[in-house]
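> please work out how this folds:
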Amino acid sequence: MSYRTVRVDDLENAPSPTREKKELDEALGIEAFGLNVYTVAPGERVPWGFHRHPRHEEAFYVLEGVLTVDTTDESLTVEAGEVLSVPPDHPTRAHNAGAETVRLVAVGAPKETDEAVIEERCPDCGAVTERRGERVDGGDTVVLFCTGCGAETDRFGRES
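Okay, the predicted model is just below:
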């Protein structure tokens, strides 16, 4: 592998419930760890909801704004210039609870063990299932559906 550079703003926007997700690891051919830059508008989440990575560590470095990270025990506030470390198998849900846009770098390793386990129970069927997301209201709102029964389980994003 040779040295490579990319301009983050020139990368395509990857599918995400956030305004922008730039997959730097994919663009650079990085195989050992995940590396993404997110731009999170007020009300948006990183990613859909509570999840955990059984064998994968994560770190969130907030460049701008204030990121709120919910755990099963508390809500943590990560301000610009701060880094939050998330150990393997620890459920989190990150979101922008403020009025200003959040920009952050997310790193995770090892990359080959980044599978996520959804921790949310469907209120309709009672199963712990994956979620399917869909943007509505011109893209300002994300609606989540249970992949088991199809029921709407959550709705979040910017007010239209």
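> so what touches the helix or strand of the chain with the lowest mean pLDDT?
Least confident element among the helices and strands of the chain, by mean pLDDT, DSSP states H and E: strand 117-118 (a mean of 79). Outside strand 117-118, the residues that touch it by C-beta atoms under 8 Å, 6 or more residues apart in numbering are 48-54, 128-131. (Glycine included, C-beta is placed from N, CA and C.)
> which of the residues you listed are buried?
48-49, 51-53, 129, 131 (16 or more other C-beta atoms under 10 Å).
> export these to a markdown table and tack on distance to Ser16 and secondary structure?
A markdown table is the format used below for these (distance: C-beta to C-beta, whole Å; DSSP: H, G, I helix; E, B strand; the rest coil):
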| residue | distance to Ser16 | secondary structure |
| --- | --- | --- |
| Trp48 | 9 | strand |
| Gly49 | 13 | strand |
| His51 | 14 | strand |
| Arg52 | 18 | strand |
| His53 | 17 | coil |
| Thr129 | 20 | coil |
| Arg131 | 13 | strand |
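> which of the residues you listed sits closest to Leu28?
Closest approach to Leu28 among the buried ones among the contacts of strand 117-118 (C-beta to C-beta): His53, at 21.2 Å.
> ok, Asn36 - how many residues close by?
20 (other C-beta atoms under 10 Å).
> now for the closest residue to Glu23 other than its chain neighbours: which residues touch it?
Spatial nearest neighbour of Glu23, chain neighbours left out: Ala14 (4.8 Å); criterion: C-beta to C-beta, 6 or more residues apart in numbering. Contacts here follow C-beta under 8 Å, 6+ apart; on that basis Ala14 touches 21-23, 26, 36.
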